[in-house]
Structure formats: structure tokens, C-alpha cells
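In: Quick one, what's the 3D model for this:
(4 chains)
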Protein chains: 2
Amino acid sequence: MSSAAETIIHGECIEALRAMPDKSVDLVFADPPYNLQLGGDLLRPDNSKVDAVDDHWDQFESFAAYDKFSREWLSECQRVLKDDGALWVIGSYHNIFRVGTILQDLGFWILNDVVWRKANPMPNFKGTRFTNAHETLIWASKGRGARRYTFNYDAMKMANDEVQMRSDWTLPLCTGEERIKNGSGDKAHPTQKPEALLHRVILSSTRPGDVILDPFFGVGTTGAAAKRLGRRFIGIEREAEYVELARQRIAKVIPVPLADLDVMGSKRSEPRVPFGQIVEAGLLTPGDMLYDPKGQRAAKVRADGSLVVGDLTGSIHKIGAMVQSQPACNGWTYWHFKTDKGLAPIDVLRAKVRAEMAA
Amino acid sequence: MSSAAETIIHGECIEALRAMPDKSVDLVFADPPYNLQLGGDLLRPDNSKVDAVDDHWDQFESFAAYDKFSREWLSECQRVLKDDGALWVIGSYHNIFRVGTILQDLGFWILNDVVWRKANPMPNFKGTRFTNAHETLIWASKGRGARRYTFNYDAMKMANDEVQMRSDWTLPLCTGEERIKNGSGDKAHPTQKPEALLHRVILSSTRPGDVILDPFFGVGTTGAAAKRLGRRFIGIEREAEYVELARQRIAKVIPVPLADLDVMGSKRSEPRVPFGQIVEAGLLTPGDMLYDPKGQRAAKVRADGSLVVGDLTGSIHKIGAMVQSQPACNGWTYWHFKTDKGLAPIDVLRAKVRAEMAA
DNA sequence: TCGACACATGAATCATAGT
DNA sequence: CACTATGATTCATGTGTCG
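Out: Model prediction:
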């Protein structure tokens, strides 16, 4: 194995892995095909077409074929990992359960599953399901009895305003300038991951100088983040176009002085509490009445957090606006509930939920 | 199968499931055992003593036993589900990957994986991993080609301040008053789920009166939430102590009055009104003109509810699509008629007809 | 230079009743 | 089962255009 800082192998994943020596890498980060099973075209409400991931490399004949492929590349990764090494895989509900099962069957020891909460996911255009707003990463050591893996607890805590980093990470998608374009100015790769995600993975579980292997290198996000953070990397990629774009991209990356790493934290914001959650929490019950500040107008609460006044139904804000014949209304301060001391705005219930969430 | 509103079966999960008739429940919510080490007698029903095997082999044996158990209860659940039914399972990284894989292998069709972000998780005291701050739920329909599952999209959207409900839900743990205590004043059940979580599950994917099955009933959170929301339930629980605590708990639950169970309904379920009926009702007259939203393009209404633009004739939808050169068009919102206050979409005429039909 | 507004787009298993 | 007709449906963010 090369001790070069940067290695990109243009070749098929499993074959290239087989050519690598045992126990030679410190970390694997893998973003394998998800095996999406899409129907026909999906149109947005404005009739534009969603640019789907229909690439040939994401197509598998069956779950069995996908499992076989997964078992092969994962067991090669296990072989090339050092005994104190670890592996990250990212996936969605289409494939991550199969990957997780195979990991366990191969003897990997799962340390965490981590949820990437997308700050700006694509909506569900047809209103058929919950907005698919996250992906799952699995972090695993080589085995239950393996030598101690690397976890930079304090760096993570520092990056998270001095409280422990949780297993859910809120990060935006990779868009705009960061998104690598091809010659035509279109996105070069359908599933490019944000570098911030890789930044956190690498910072959490490697040390400067470590060798990071990415068997599905794509346009080289892992390589870019590794170089920036002073780690070495080996990338394997089958498509010549991606290899070339990755090279160009990584050549431009300027490594960050290690002393500057601790300033690259993320901020947390006040959690949003929808009114429906007040009902879920049992602070109001379906059928309860809410009142305007003077106690003259009344509205009934329903189980989904909608209000009813006569024939009107809608959110606390919408109904508040309608009964006042005004364009807008802050329902949290307008609507009140009865207490033994008189009327109180429902905003105090929101405060209660927030307090509980912070506790 | 009983048509009773409340049924608690004291018995072993798979055995009790086998006694239930086909296609008799609308929803399954399951919180199966997570940890392979706990409840070994359950997870290794037919295991002969395994001596002197290394960790790897032992692990595989455990997983195999857990898989067997999971396959059995899940396939029974699939059998007792109605064709338009659905199933929820909750788990952590210890078991959820195996459960998800088995679901897929049995032919369940995954609709979402949902992350319960714990607002107040237990910290990782040793600082060796990320704070395990979430659990994963899988929502699946009976199969890819199954009849349409229930999803109260508009109720969920309403409960989330009028934006689509996402696949990550932030909810506090079950603590304080809500936590069921045993005779000694200690928590009675190690993994009691918050009722708010069940509230959201039930509200999203069932209708009032539906039958909800929970094969691992525990202290009856599913039953409590179901009763509160006017749903029927069947709970299966092996431990006599839990059964008794669940009974006492559920007896105290006061159901939401039937009249307050309404939530925001979907437009898809409203009665269909053909455009021709607008003309029949005299709200438009043959020969009247309709216009696009900007008032630039015009179409003539005919007696049968077809439109004419130049040489083109067809439905409001077809003509709307053709004049815009788009694959599809909702004619109800595209076409407008003249009023003294300007243009108004013909959808308001449909609303008028619907109101008359309801009266 | 700046604000207002329009437009584009992201790993998506994305409709349903009737004939 | 296949096919057709109806008609329901989007959030956050970045970029570009226009005045």
C-alpha cells in the first residue's frame, strides 16, 4: 500500500479492494448505491420533472443481488482495516437495513447509528408520505473485541457548543457553489454529499495523518475533506469522469492548519414547536376551547392541532386571522386557554414543551 | 376476533397472533425486544447449549435466533393485517436493521423510516460514543401492490404548523407522571414509550374506529393512546404484571368525544363533481368564456362541459394542459370565469355545488 | 449596490377510480 | 390487468434578473 497522502484508483470497487493489503487503513467511509426502486417519472406541482437517480450503477436485480454485492465489499473493507480501525456507511431506508444486518453478520460492532437531518430536503410532492428528510449513517468498529477505535470526544463536544455531540446531525444538502458541475454546467454526480458531513465524520473518528479509504469515491468529497483536515486518503471510483473531476477538485483544496479546527463549530437554534405537539403532549385535549384575549370568541381544538370556529377550520394562525378579518395573526399570543386564574395565552404551553425538551 | 373496543391478551406473542383471524386489523404498532442479551429464553426458543464457541459464532447464533423470532411475529402480523393496513415497528441500532431487512424480505413495502429525536436523551457517561439520542421507526404497508394505506396527510401537515410533517420527530422521553410505577414506586417497564409518540403514529395512519394491534403491549401505551383517540385495540403481553398495570392505566383514560375526533380531511376524499354538473346547475351557461389566470387565453364552455379553444375540444383538464403544452393540468384551478371583482377560478363554483350537495 | 422577485432544484421506492 | 380520465400536490435555499 502506498503511503502517499492522496491516492485515487480508477477501477471497480471490489476488485480494487482485493488488491489492497490487510490492515492498512484507519477508517473506511462508504456511500454505496442505495438500490432505489423508483416507479415512473415524478412531476412537481408545477409540472417540472424531478431529476431522479436512475443511473445504471444503482440498479440491482434483487435484494439477494444487492446483499451479495454488499457482503463482498464490506468483508474486503473489514480485511483492509487495521484492528483499531472503524467504518462509516451512509444510506437510506432503501438499503441501510440490509447494510446494517450484513455488518452485524460479518462481526462488525456497531458503535452508533447517526442520523443526518437534512435542513432543506426535497418535499413529498404528492402528499403521500412523510417528507423523507434524513439519511442514516452507521459507525462500526472492526469487531466486538477489536482494539480501541478512535473517538475524539472533546473535539466533538467543542464543535457542539460544549455539550456532547448527539447521534442526530442537522446539516444542509450539498448545493450551490459546492456542488461539482460537469462541462455542461449541470451537476456532475447525482448524490454528492456535503463536505460538512465528511468533516464531522473525519474529525470525530480519525487522527491527523490517518489513512481514510472511500470505496465509492464519486467526485471525491471524502478526499477533499480528508485533505483539508490533514488526513491521507485512498479513493476507488469506477467512472472515469468522476475520477477526473475529483482530481481537479482536490487539487484546489487548501489544508487547514490544525490549530484552527476548533473554531469550526455548528450552532444550534431554538427548537420549533408546532401547535399539534401541544395536543400530542396532552397539554390540551381535542375538544378543548380556546378564546380570544377578551374571552368573547371561542374556537375548538382538534386532535391534529387544527381549530374549528363555525364552518371554518385551519391552523391557530389562519383561524386567528380569519375571525379578526385580518391578513395575518400570531396564534400563539392571540388564542388563550382557561386556567383557574383566568385566561392565559397558549404560548405558555409552548414554553412548557420547550422547557421539557431542553431538560 | 373480538369486535370489542379493548382487548388485552395475556400470552406469548407468536402463539396469540396465530390464534387471530386473517385480515382483521388496520394497523400494527410493535415495540419488540431490542437487546439480544436480555430475555434469552424468548430469543433462543430451541437453542441447545452452545459451548466453547468464539464470540463471532455465538453472535451469529444470537442473531439467527433473533431473526427467526422476528420473522415469525412479523409474518403473523402480515397475515392478520387487512390489505390496506400498515405496520409500525420501533427499534434501535441493536435490532432495527435486522427487523427492516426481514420486513423487506417478507414483502412489506417501506413507506418511511421515521426518526424519533429524543429531546432529552440520556448522556453517554463514558464519552466513548455519540450520545444515543434517537430511535428509529419503520412504517410499511402490507406490500408493494397492496391496497392504499391510510395516511392523514392534511392532519399531519396541520399538526406541524402547515408545513409537511418530516421523517424526524422531536419528542421528549416518557418521564414524570406519565411513567407507570410499580408497587415499590419504581418505573414498572424499562422502555415505556411516550404517549405523544403513539398519538402521532395513530393520528397519521388510522381512522377513528380502526383496530390497532400491539403484539408487545407492555404497560399499554398503545392502548391508552388508541382509547383516547377513539380507536379500538388488541394488545398482547406475556408478563402478568404489565397486563395488570396496563388495564388499570387504560381504565383511567377518558376518550376524546367522538365529535372532537375530526381532523383536517384530504381533498382527495371529497365527492367528485364533474365539470358538466356546473353547467347543469346553471352556474355557467353554454357559450360562456373561461380564461387562464392572466386573462389572456380564452375557452368557450359547451353544454356537455367540454371546452373549445380554436380547433381543440376536450375536458377542462385536457384543454388546460394542451394550451400550456404541459403533460397535465388541474382545470379547476387553471380556468377562471369573470365576476364583477375580476377573475375567479372555477373551483369556487365546484365548492358551491358541493355545499349544496351537503345541505 | 441593493432589494424584490422569479426561478431552479435536491438519493423520491410520490394517485386513484372507473372501464 | 391495462388503460384512461380526473385532478391533487412543495420546502428551503441558492442563484439570477430586473429596476
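In: low-confidence ranges in chain A?
Out: A:1-3, A:258-271, A:358-359 (pLDDT under 70).
In: Nearest the middle, which residue of it would you pick?
Out: A:Trp116 (1.8 Å; Cα atoms, centre = their mean).
In: and A:Lys157, how many neighbours does it have?
Out: 15 (other Cβ atoms under 10 Å in any protein chain shown). In this view, the C-beta of every residue, glycine as well, is placed from N, C-alpha and C.
In: Identify the residues contacting it.
Out: A:Val163, A:Gln164, A:Met165 (Cβ atoms under 8 Å, 6 or more residues apart in numbering or on different chains).
In: Not counting residues beside it along the chain, what's closest to the first one?
Out: Nearest residue to A:Val163 in three dimensions, chain neighbours excluded: A:Lys157, at 6.8 Å (Cβ to Cβ, 6 or more residues apart in numbering or on different chains).
In: Send over the helix or strand where that neighbour lies as CSV, restricted to the C-alpha atoms.
Out: Assigned by DSSP states H and E, A:Lys157 belongs to helix A:153-159. Extracted C-alpha coordinates of helix A:153-159, given in CSV (Å, rounded to 0.1, in the frame of the first residue of the first chain):
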residue,chain,number,x,y,z
TYR,A,153,-14.9,13.1,22.2
ASP,A,154,-13.7,16.6,23.2
ALA,A,155,-13.4,17.8,19.6
MET,A,156,-17.0,16.8,19.1
LYS,A,157,-18.1,18.4,22.3
MET,A,158,-16.2,21.5,21.4
ALA,A,159,-17.9,21.6,18.0
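In: list the buried ones in it?
Out: A:Tyr153, A:Ala155, A:Met156, A:Met158, A:Ala159 (16 or more other Cβ atoms under 10 Å in any protein chain shown).
In: Closest one of the residues you listed to chain B?
Out: The shortest approach to chain B among the buried residues of helix A:153-159 belongs to A:Tyr153, at 4.3 Å (Cβ to the nearest Cβ).
In: I'd say the closest one and B:Gly127 touch.
Out: Yes: using Cβ atoms under 8 Å, A:Tyr153 is in contact with B:Gly127, at 4.3 Å.
In: So which bits of chain A are right by DNA strand D?
Out: A:43-46, A:119-127, A:131, A:172, A:175-177 (Cβ under 7 Å from any atom of the strand).
In: For ChimeraX, what selects the buried ones among those?
Out: Under the burial definition 16+ other Cβ under 10 Å, those of the residues of chain A next to DNA strand D that qualify are selected in ChimeraX by:
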select /A:121,124,127,131
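In: of the residues of chain A next to DNA strand D, list those near chain B.
Out: A:Leu43, A:Pro121, A:Pro123, A:Asn124, A:Gly127, A:Thr131 (Cβ under 8 Å from any Cβ of the partner chain).
In: Nearest residue to the second one in space, please, no chain neighbours.
Out: It refers to A:Pro121. A:Ala133 (4.2 Å).
In: Next up, the contacts around that neighbour.
Out: Applying Cβ under 8 Å, 6+ apart, the residues near A:Ala133 are A:Arg117, A:Lys118, A:Pro121, B:Arg166, B:Ser167, B:Asp168.
In: Check the gap between it and A:Ser92 for me.
Out: 11 Å (Cβ to Cβ, to the nearest Å).
In: shared neighbours of those two, which are they?
Out: Joint contacts of A:Ala133 and A:Ser92 (Cβ under 8 Å, 6+ apart) do not exist.
In: Go through the strand or helix carrying A:Arg350 and flag the buried ones.
Out: Secondary-structure assignment from DSSP H and E places A:Arg350 in helix A:347-358. For helix A:347-358, the neighbour count (16+ other Cβ under 10 Å) marks A:Leu349, A:Arg350, A:Val353, A:Glu356, A:Met357 as buried.
In: tell me, what's touching A:Tyr153 and B:Gly127 both at once?
Out: Common neighbours of A:Tyr153 and B:Gly127 (Cβ under 8 Å, 6+ apart) are A:Gln164.
In: thinking again about what came up before, among the ones next to chain B among the residues of chain A next to DNA strand D, name the ones in helices.
Out: The subset of those located in helices under the criterion DSSP state H is empty.
In: Looking at those residues, which one is closest to A:Gly230?
Out: A:Gly230 has its nearest neighbour among these in A:Pro121, at 31.8 Å by Cβ to Cβ.
In: quick one: is the host helix or strand of A:His199 near DNA strand C?
Out: In the assignment (DSSP H and E), A:His199 maps to helix A:195-205. No: between helix A:195-205 and DNA strand C, judged by Cβ under 7 Å from any atom of the strand, nothing touches; the nearest distance is 10.3 Å.
In: Which strands and helices lie in contact with that helix?
Out: strand A:25-30, strand A:81-91, helix A:153-159, strand A:168-171, helix A:221-228 (3 or more Cβ pairs under 8 Å, 6 or more residues apart in numbering or on different chains; DSSP states H and E).
In: repeat that for 7 Å
Out: strand A:25-30, strand A:168-171, helix A:221-228 (3 or more Cβ pairs under 7 Å, 6 or more residues apart in numbering or on different chains; DSSP states H and E).
In: how about whichever residue of the stretch 201-350 of chain A sits closest to chain B, what does it touch?
Out: Nearest to chain B in the stretch 201-350 of chain A, going by Cβ to the nearest Cβ, is A:Gly276, at a distance of 2.5 Å. By Cβ atoms under 7 Å, 6 or more residues apart in numbering or on different chains, the contact list for A:Gly276 reads A:Asp304, A:Gly305, B:Met158, B:Ala159, B:Asn160.
In: Just say helix, strand or coil for it.
Out: helix (DSSP: H, G, I helix; E, B strand; the rest coil).
In: quick one: the closest residue in space to it that isn't next to it in sequence from DNA strand D, how far?
Out: Excluding the flanking residues, the one nearest A:Gly276 by Cβ to Cβ, 6+ apart is B:Ala159, at 2.5 Å. Using Cβ to the nearest atom of the strand, to the nearest Å, B:Ala159 is found at 12 Å from DNA strand D.
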